[in-house]
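Enquirer: fold the following, please.
(chains A, B, C and D)
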Protein chains: 2
Amino acid sequence: MKPVNLKKLAEELNLSIATVSRALNDRYDIAQATKDRVRELANKLNYEPNPYASSLRRHKSRTIAVVIPEVANHFFSLAINGIEEIARGNNYHVLIYLTHEEYQREASIVRLLAGGRVDGVLLSVASRSHDLNHLDLLRERGIPMVFFDRVHADMDTAKVTTDDYESGYKATRHLLDAGCRTVAHLTLAGSLTISRRRMHGYIDALRDFGLPYDETLVVPAQLSKPEDIQAIEALLTHRPAIDGIFACVESLAMCSYEACRNLGRAIPADVKVIGFSNLEMAALLDPPLTTITQPAYNIGREAARILFQAVNKNRPILPTHSLELKSELIVRASTAASPR
Amino acid sequence: MKPVNLKKLAEELNLSIATVSRALNDRYDIAQATKDRVRELANKLNYEPNPYASSLRRHKSRTIAVVIPEVANHFFSLAINGIEEIARGNNYHVLIYLTHEEYQREASIVRLLAGGRVDGVLLSVASRSHDLNHLDLLRERGIPMVFFDRVHADMDTAKVTTDDYESGYKATRHLLDAGCRTVAHLTLAGSLTISRRRMHGYIDALRDFGLPYDETLVVPAQLSKPEDIQAIEALLTHRPAIDGIFACVESLAMCSYEACRNLGRAIPADVKVIGFSNLEMAALLDPPLTTITQPAYNIGREAARILFQAVNKNRPILPTHSLELKSELIVRASTAASPR
DNA sequence: TTTATTTACGTAAACGTTTACGGTGTTTTG
DNA sequence: CAAAACACCGTAAACGTTTACGTAAATAAA
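Expert: As a prediction, this is how the structure comes out:
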């Protein structure tokens, strides 16, 4: 109700506002006795500095923004966890924004952030973001930004990613080694680097195995669960030879399970499934799902760490600060080799 | 780099800062022609008002805080989704804080928020929060707060919960009807209302069925996965008669699955399992998990809606604004009746 | 002692907005 | 035609901090 601010403290202590401020900030030119007096009263009255006044004056918001497509997704949840951890360690606050995979939403969020609300931005781009013009604003305003996972290739800032090409290669190779000869690839619509790299791994693995690349086996997701299930069912029905599915994201692996169940296809006997996923209970699925698991928590931590290095030292973020972490192939029953 | 602010716009347009500000805020006493000129330049220069100056002056932060135990959890992810949706509709920003179920962390977060950083708080209390003294600060400062899901009973503000007693009753009854006679209850440590109410449902269901309440069948979680699995294994080994498990939270249902697998107990033949959960792929588990599913997204939405009603109209939040939504019992194979 | 240095604090401006108040010039009203 | 009303804009204070600068007293150096 009645705010307790520096003025109030100063009056109560017969000091000037400036002295109180400096005492609380532990400046060298304030007597120890005064500091003690000030701190005691501040504690007693539960004084908390007004963050807005402070930010206005210092041109520092002690806040970062995390912009992600969605939060109901294990990868991003874990990433947020890592980000929050680092932010907290730096005494920073975390604003969260969801784009729902939409370009417009991403653009309007970025526009807001360009107003100086945050000292830095962690961004994982929406799949429907076709260009990156909307991000220029941040660069113009000098707001540091780090991409994580979903990155734009041609952006001169740091990116924290995983070994997507290798993962795509390994995943496909794993299916082929397990006996698959017609491998479908479910990917995100749009042209995200992440999808492209995973797909290149897929294509190269096929080629190295002596199989042709059939682009009709690659289907982009609609990102609505029922639509995706239907699309997969259509694919499986239309191309009955398909004996392997490589899903680029968690949700598409789940949709594949449902589609197979609906069509009566047995996993892994008829169709083997592998998918990118951070689902802890992949092991408890029926059948347990073979996954490529990204170090989501660490991705969040590292991205935040890079951002804070720039924010704290007032230096720009360079592409050379980029990091590539390794994903892990966890083999489970959904890709068990069929008896021949 | 060079900030574009009202001063800059004013100079460029040969107007006073005040006029520019009023033009942008669409005040009545500014000529339409002037408004147009101002807006055009503002757009051209990508002017964004400095939120900190604005907040300082208006005593409004256009920001709310969401304080939750963790984010890597489907319930909270969905709730955040709902909250963000409403916040966005109100042109508000969302700060997120994780307590990791710890009292100290919750307290220090609340202390920060009391400084006026936010206009309102949405809180789901940590399981290790034994009291609510730390929340007094917010009340003193007049910062509205709405509890959701994890609430403190004796707090005079609005709470958005689900029908936990009924759900606990229904879940237990369902196990009994399926043939269970020794039902264990896995619950959260601490004395959260949510746990107590669910447990009361459990106890009453047992009593109505003519079974005694055996408190050694109730085990509190440690909240670390390996520990919890071990605890469940110990319980099942020590009490071999247990033929049903009612898990108070999602993670404990998953731990039960792992424990049963480790011990070679078949679900549902040997042990039937039911758990609170918002996991979409509960249906894809082995076996598909019977769940009590909370309307997490709507809980988030409603909690946010109540908060904004207070924030926007500058009115206090009353306990009478509380809401109780209904959870849903979704029967799947993990509780299939055993053939007798 | 005088001068320089240090210690400890106050004054006032600044950050970028918003807004109460006032002041023009123009139009309307009696 | 004077008075009132109105339309439009400027001045300046305020929000709560931080900080460059100044200053008085105390201490050290000369």
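Enquirer: all helices for chain A, in order.
Expert: With helices called from DSSP state H, chain A shows them at A:6-13, A:17-24, A:32-44, A:51-58, A:74-89, A:103-113, A:136-140, A:164-177, A:193-208, A:225-238, A:250-263, A:296-313.
Enquirer: quick one: mean pLDDT for the fourth one?
Expert: Model confidence over helix A:51-58 averages 97 on the pLDDT scale.
Enquirer: just put the helices of chain A in CSV and tack on distance to DNA strand C.
Expert: For the C-beta atoms, the positions are set from N, CA and C on the backbone; glycine is no exception. CSV is the format used below for the helices of chain A (distance: least, Cβ to the nearest atom of the strand, whole Å):
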stretch, distance to DNA strand C
helix A:6-13, 7
helix A:17-24, 3
helix A:32-44, 4
helix A:51-58, 3
helix A:74-89, 24
helix A:103-113, 13
helix A:136-140, 15
helix A:164-177, 41
helix A:193-208, 35
helix A:225-238, 42
helix A:250-263, 41
helix A:296-313, 18
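Enquirer: interface residues of chain A facing DNA strand D?
Expert: Contacts of chain A with DNA strand D, taken as Cβ under 7 Å from any atom of the strand, map to A:3, A:5-7, A:17-18, A:21-22, A:24-25, A:29, A:47, A:49-50, A:53-54, A:56-58.
Enquirer: A:S167 and B:T290, how far apart?
Expert: 35 Å (Cβ to Cβ, to the nearest Å).
Enquirer: I'd say A:T99 and A:V66 touch.
Expert: No. Look at A:T99 against A:V66 with Cβ atoms under 8 Å: they stay out of range, at 11.0 Å.
Enquirer: I'd like to know how many residues surround the closest residue to A:A107 other than its chain neighbours.
Expert: Excluding the flanking residues, the one nearest A:A107 by Cβ to Cβ, 6 or more residues apart in numbering or on different chains is A:H134, at 3.8 Å. By other Cβ atoms under 10 Å in any protein chain shown, 17 other residues sit near A:H134.
Enquirer: A:H134: what's it in contact with?
Expert: A:103, A:106-107, A:110-111 (Cβ atoms under 8 Å, 6 or more residues apart in numbering or on different chains).
Enquirer: okay, these in JSON lines with distance to A:A333, pLDDT and neighbour count next?
Expert: What follows is the contacts of A:H134, written out as JSON lines (distance: Cβ to Cβ, whole Å; pLDDT from 0 to 100; neighbours: other Cβ atoms under 10 Å in any protein chain shown):
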{"residue": "A:Y103", "distance to A:A333": "39", "pLDDT": "94", "neighbour count": "17"}
{"residue": "A:E106", "distance to A:A333": "38", "pLDDT": "97", "neighbour count": "25"}
{"residue": "A:A107", "distance to A:A333": "43", "pLDDT": "96", "neighbour count": "18"}
{"residue": "A:V110", "distance to A:A333": "43", "pLDDT": "96", "neighbour count": "23"}
{"residue": "A:R111", "distance to A:A333": "48", "pLDDT": "94", "neighbour count": "14"}
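Enquirer: quick check: the two most widely separated of these?
Expert: A:Y103 and A:R111 (12.5 Å; Cβ to Cβ).
Enquirer: any of the residues of chain A next to DNA strand D buried? List them.
Expert: A:5-6, A:21-22, A:24, A:47, A:50, A:53-54, A:56 (16 or more other Cβ atoms under 10 Å in any protein chain shown).
Enquirer: wait, which of those is closest to chain B?
Expert: A:L56 (4.3 Å; Cβ to the nearest Cβ).
Enquirer: is it true that that closest one touches B:S54?
Expert: No. Judged on Cβ under 8 Å, A:L56 makes no contact with B:S54 at a distance of 9.4 Å.
Enquirer: show me what the helix or strand of chain A with the lowest mean pLDDT packs onto, helices and strands only.
Expert: In chain A, the helix or strand scored least confidently by mean pLDDT, DSSP states H and E is helix A:136-140, which has a mean of 90. Where contact means 3 or more Cβ pairs under 8 Å, 6 or more residues apart in numbering or on different chains; DSSP states H and E, helix A:136-140 is packed against helix A:103-113.
Enquirer: in the least confident helix or strand of chain A, what counts as buried?
Expert: Those would be A:137-139, for helix A:136-140 by 16+ other Cβ under 10 Å.
Enquirer: how about stretch A:226-245?
Expert: For stretch A:226-245, a neighbour-count test (16+ other Cβ under 10 Å) marks A:228-229, A:231-233, A:235-236, A:242-245 as buried.
Enquirer: ok, and the closest non-adjacent residue to the residue of the stretch 151-300 of chain A found nearest chain B?
Expert: Nearest residue of the stretch 151-300 of chain A to chain B, counting by Cβ to the nearest Cβ: A:D286, 3.3 Å away. The shortest distance from A:D286 to any non-neighbouring residue, by Cβ to Cβ, 6+ apart, is to B:D286 (3.3 Å).
Enquirer: what stretches of chain A score poorly on pLDDT?
Expert: Along chain A, the model assigns pLDDT under 70 to residues A:1-2, A:339-340.
Enquirer: domains of it?
Expert: A:6-57, A:61-161+A:296-324, A:164-295+A:328-335 (automatic domain parsing).
Enquirer: can you list those domains in a markdown table and add distance to B:H93?
Expert: Formatted as a markdown table, these follow (distance: least, Cβ to Cβ, whole Å):
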| stretch | distance to B:H93 |
| --- | --- |
| domain A:6-57 | 13 |
| domain A:61-161+A:296-324 | 5 |
| domain A:164-295+A:328-335 | 25 |
